[in-house]
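J.: one predicted model, sequence on top.
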Amino acid sequence: MEIRYLKSLIAVVDSGSIAEAARSEHLTAAAIGQRVQVLERELGFALLSRSGHSARPTQACSQLLPRARRLVREAALLSGDASVDGLRGTLRIGAVSTALTGLLPRALRAFSQAAPGATAQI
């Protein structure tokens with residue numbers, strides 16, 4: 001089972017739409033749909049209830065979703081665990097507009113120097 005397929009499924013559930021999940025995953029809607037179909041074949045049951053332009057998790061999907069989220073989260077942490085040269089991965093930052101021009105630039109410079117293998121996403 002592909003972790004990235006689970007990530008796509010979670011994106012669909014969180015956004016409520018295959019098209020929106022495709023935008024957030026930088027994939028086509030067809031690719032997201034195919035990933036979900038592969039998971040459905042592997043698991044042997046439907047994961048999404050599609051209606052118009054929306055997609056909702058089935059009851060079976062809702063039951064496996066907490067574990068799928070944990071698996072995706074753990075897989076994302078895996079590369080950082082094996083890193084010998086410091087922090088890796090993506091740091092997601094939310095900031096008010098005044099922090100974007102005040103405090104944040106200095107903090108980002110210090111962060112990028114301390115953890116060159118990591119990226120910041122604002």
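T.: Done, it's in. As the structure is a prediction and not an experimental result, all values here were calculated from the model. Numbers count the residues shown, from 1 in each chain.

J.: only the buried residues of the worst-scoring helix or strand of the chain on mean pLDDT, if you could.
T.: Counting by mean pLDDT, DSSP states H and E, the chain has its least confident helix or strand at strand 88-92, which shows a mean of 78. Going by neighbour count (16 or more other CB atoms under 10 Å), the buried part of strand 88-92 is R88. No exception for glycine: its C-beta is placed from N, CA and C like everyone else's.

J.: contacts for that strand?
T.: Strand 88-92 has contacts (CB atoms under 8 Å, 6 or more residues apart in numbering) with A76, L77, S79, G80, F111, A115, G117, A118, T119, A120, Q121.

J.: return the subset of those lying in strands.
T.: G117, A118, T119, A120, Q121 (DSSP state E).

J.: thinking the second one is in contact with F111, fair?
T.: Meaning A118. Yes: between A118 and F111 a contact is recorded at 7.2 Å, counting by CB atoms under 8 Å.

J.: the closest residue in space to L64 that isn't next to it in sequence and A76, how far apart?
T.: Leaving aside its sequence neighbours, L64 sits nearest to L43 (CB to CB, 6 or more residues apart in numbering; 7.7 Å). Shown here: L43 relative to A76, a distance of 22 Å by CB to CB, to the nearest Å.

J.: with S17 instead?
T.: In this view, S17 and A76 are 23 Å apart by CB to CB.

J.: looking at these two, which is more packed in?
T.: S17 (20 against 13; other CB atoms under 10 Å).

J.: where does the more buried one fall, phi/psi-wise?
T.: phi -160, psi 140 (degrees, to the nearest 10).

J.: can you pull the contacts of it?
T.: H53, S54, A55.

J.: state the pLDDT value of the closest residue in space to the first one that isn't next to it in sequence.
T.: With CB to CB, 6+ apart as the measure, S17 is the residue that lies nearest to H53, at 6.0 Å, once sequence neighbours are left out. The model reports S17 with a pLDDT of 93.

J.: with K7 instead?
T.: Here, the pLDDT recorded for K7 equals 96.
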